[in-house]
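Undergrad: Structure here, sequence nowhere to be found:
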């Protein structure tokens, strides 16, 4: 991951899959008050660069284009957030073995249709592969990779490994559980996992103290 040319934010990429990392660009997503982190087109480009969707050169180029087309940049940001919310809701449903809402699938399919129109097969050193068909100035370029990532995960054998952080405050971050026994519960063991561990320790200590005090009263 190259250093971002657009932001001082270091984005946490803990999802294990591009579309899940994009879904995690809002904090406390499962709470009643999610915190938006994609607050500008520049932040969207920043995330895209750090997630290796864009190179540094491409990121700089899109920022220059956005400066010349600010209204279009704002419109792309709104589309990005709408797509993110759809992806989040789809995979949160999958994580809890629920059926996604039809409206969310419609949003993803709409983005995917645009993505497929930009895709083409091209020769590579080892055979053939997908590449984007031009459009270097397209401000929505990062959305193509994100939509295809979501489609790839939904149609893969890894879908059953999608999980959601079990933090009871509403962290809600999504991740791909690659543990052997599918036992991952937290977005980050050093963050939500440590908090849960500390909370369990506090409750055990509190229960012990209450039991001792109850015994003294008796």
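TA: Sure, I can see it. The structure displayed is predicted, hence computed values, not measured ones.
Undergrad: helix/strand/coil for residue 16?
TA: Using DSSP: H, G, I helix; E, B strand; the rest coil, the structure places residue 16 in coil.
Undergrad: Where does the record place the domain boundaries for the protein?
TA: Listed domain ranges for the chain are 18-185, 188-218 (source: automatic domain parsing).
Undergrad: Against which helices or strands is the host helix or strand of residue 147 packed?
TA: According to DSSP states H and E, residue 147 maps onto helix 141-154. The helices and strands touching helix 141-154, judged by 3 or more CB pairs under 8 Å, 6 or more residues apart in numbering; DSSP states H and E, are helix 18-23, helix 41-50, helix 70-95, helix 102-117, strand 128-132. C-beta coordinates here come from the backbone N, C-alpha and C atoms, glycine included.
Undergrad: Stretch 87-101: end-to-end distance?
TA: 11 Å (CA to CA, to the nearest Å).
Undergrad: Any buried residues in that stretch, and which?
TA: Within stretch 87-101, the residues scored as buried using 16 or more other CB atoms under 10 Å are 87, 88, 89, 90, 91, 92, 93, 94, 95, 100.
Undergrad: again, but for stretch 122-129
TA: So stretch 122-129, judged by 16+ other CB under 10 Å, has zero buried residues.
Undergrad: Greatest separation within the buried residues of stretch 87-101: which pair is it?
TA: 87 and 95 (12.3 Å; CB to CB).
Undergrad: Leaving out sequence neighbours, find the closest residue to residue 111.
TA: Excluding its sequence neighbours, the residue lying closest to residue 111 (CB to CB, 6 or more residues apart in numbering) is residue 147, at 4.1 Å.
Undergrad: Cool, thanks, signing off.
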